[in-house]
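Chemist: Got a predicted structure plus its sequence, pasted below:
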Amino acid sequence: MEKVLTENQLRYMVRSKLRIILERSKAGSHPEEGYRPATRKNMHLNKPMMIGGWPKGEYDPPVQDYLVKWYRDMGLMDTTED
């Protein structure tokens, strides 16, 4: 006798497989390739910038500090690290 799946059993199976696929896709093809939280160091905002300027070539506050504040305000950067 052939085993027949009910509609609910099939839905459960499909949702389970989709959940697994979606969890894997967040980190690329390898789980160890996931994203790290953004920090001043790994965004290279702890280094001096040579970006010219207007009219003197200097900004107050420095561009790095401005970008860090903007990233934090947007929720894109870790607020505990400085």
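Modeler: Thanks, I have the structure now.
Chemist: how does the chain divide into domains?
Modeler: Taking automatic domain parsing as the domain assignment, the ranges for the chain are 1-35, 36-82.
Chemist: Now mean neighbour count too, for those, in a markdown table please.
Modeler: Glycine gets a C-beta too; all of them are placed from N, C-alpha and C. Conversion of those to a markdown table gives the following (neighbours: other C-beta atoms under 10 Å):
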| stretch | mean neighbour count |
| --- | --- |
| domain 1-35 | 9 |
| domain 36-82 | 12 |
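Chemist: Output the ones you listed in a markdown table; the columns should cover mean pLDDT.
Modeler: Written out in a markdown table, the entries for these read as follows (pLDDT from 0 to 100):
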| stretch | mean pLDDT |
| --- | --- |
| domain 1-35 | 77 |
| domain 36-82 | 79 |
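Chemist: Please tell me how far Lys3 sits from Gln9.
Modeler: Distance, Lys3 to Gln9, by C-beta to C-beta, to the nearest Å: 10 Å.
Chemist: secondary structure class for Lys17?
Modeler: For Lys17, the secondary structure call by DSSP: H, G, I helix; E, B strand; the rest coil comes out as helix.
Chemist: What separation do you get for it and Leu45?
Modeler: The gap separating Lys17 from Leu45 is 41 Å, by C-beta to C-beta.
Chemist: what's the answer for Pro37, then?
Modeler: From Pro37 over to Leu45 the distance is 14 Å, taken as C-beta to C-beta.
Chemist: for Thr6, same thing?
Modeler: According to C-beta to C-beta, Thr6 and Leu45 sit 56 Å apart.
Chemist: Same question for Met1.
Modeler: 67 Å.
Chemist: cool, Asn8 as well?
Modeler: Distance check for Asn8 against Leu45: by C-beta to C-beta, it reads 52 Å.
Chemist: what's the answer for Leu10, then?
Modeler: 50 Å.
Chemist: One more: Met13?
Modeler: Using C-beta to C-beta, Met13 is found at 47 Å from Leu45.
Chemist: Over to Gly75?
Modeler: With distances defined as C-beta to C-beta, the gap from Gly75 to Leu45 amounts to 16 Å.
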